[in-house]
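Q: Okay, sequence plus prediction incoming.
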Amino acid sequence: MGYDQLAEMRQKLERAKGKQDEILNQIELSRKEIQEKKEHLVNCEKARLIIDIVSLETQSQLEYRLNELVTLAMLAVFREQAYKLKMRFDIKRGRTEASPLFTKEDKERRPLYGTGFGISDVGSFALRPTLWSLEEPKKRPFFFLDEPFRHLNDPEKILHRRAAEMVKEISKKLDVQIVIITQNETLCEAGDVIFKIDQKRNGHSFIR
């Protein structure tokens, strides 16, 4: 074998060694990258676990606060016929959605389906100040409602009297002012301050 051939083979060998070193270096970098990604994945899983725990605790606290006041309002008005509120949390498209359900005798019903509009009126009313109580920072403690119990069907006005007392109790419990516009005399009589609006023949309204 001539000198030139030997020199060429050495050059090829050096180039092969260079490629080998480059490949080994890339393998080492890939290993480090894989290890870093594994550590990052572990940290992400830990963070996700913490978020899930906090989310479940938050849901539990939220459900308790909502269920407590709404259920008490239901009991105050409907007594032994009362439904209880149950919040159901579902994950859809990566987001948690809350759905209110009314329960009685181990049966669940969606509001407005099989429970009656009067029950939904009471539940809807109680939810407003309850959600307000969870706000941080809170807005002004004031609620202005137009006929909140319009579907409460009770010719003897027993349910309306109970609803009026329930409104007063929630107002005191949460220290909020509740103003109700209504044509129901039973609800009006329970107010601390009552304004009656009449209309004259000339079309002008006046307060008395």
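A: Perfect, I can see it now. All values derive from a computational prediction rather than experimental measurement.
Q: drop to CA atoms for contacts and neighbour counts, all remaining ones
A: Fine.
Q: so where's the chain uncertain?
A: 1-4, 112-115, 200-203, 206, 208 (pLDDT under 70).
Q: change it to 80
A: Residues of the chain meeting the criterion pLDDT under 80: 1-10, 12-13, 51-52, 54-66, 88-98, 110-116, 136-140, 198-208.
Q: which residues of it fall in helices?
A: Taking DSSP state H, the helices of the chain run over residues 3-78, 117-134, 158-174, 185-189.
Q: and the shortest one, what other elements does it pack with?
A: Packing partners of helix 185-189 (3 or more Cα pairs under 8 Å, 6 or more residues apart in numbering; DSSP states H and E): helix 158-174.
Q: Now do the helix it packs on and helix 117-134, the angle between them.
A: If you take axes from the mean of the first three to the mean of the last three Cα atoms, to 10 degrees, helix 158-174 sits at 0 degrees to helix 117-134.
Q: May I have helix 158-174 as CSV, with CA atoms only?
A: Only the C-alpha atoms of helix 158-174 are listed here, as CSV (Å, rounded to 0.1, in the frame of the first residue of the first chain):
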residue,chain,number,x,y,z
ILE,A,158,-99.1,30.9,53.3
LEU,A,159,-96.1,30.4,51.0
HIS,A,160,-95.9,34.1,50.4
ARG,A,161,-95.8,34.9,54.1
ARG,A,162,-93.1,32.3,54.5
ALA,A,163,-91.2,33.7,51.5
ALA,A,164,-91.4,37.2,53.0
GLU,A,165,-90.0,36.0,56.3
MET,A,166,-87.2,34.2,54.5
VAL,A,167,-86.3,37.4,52.6
LYS,A,168,-86.0,39.3,55.9
GLU,A,169,-83.9,36.5,57.4
ILE,A,170,-81.5,36.4,54.5
SER,A,171,-81.3,40.2,54.6
LYS,A,172,-80.3,40.1,58.3
LYS,A,173,-78.0,37.1,58.0
LEU,A,174,-75.9,38.6,55.2
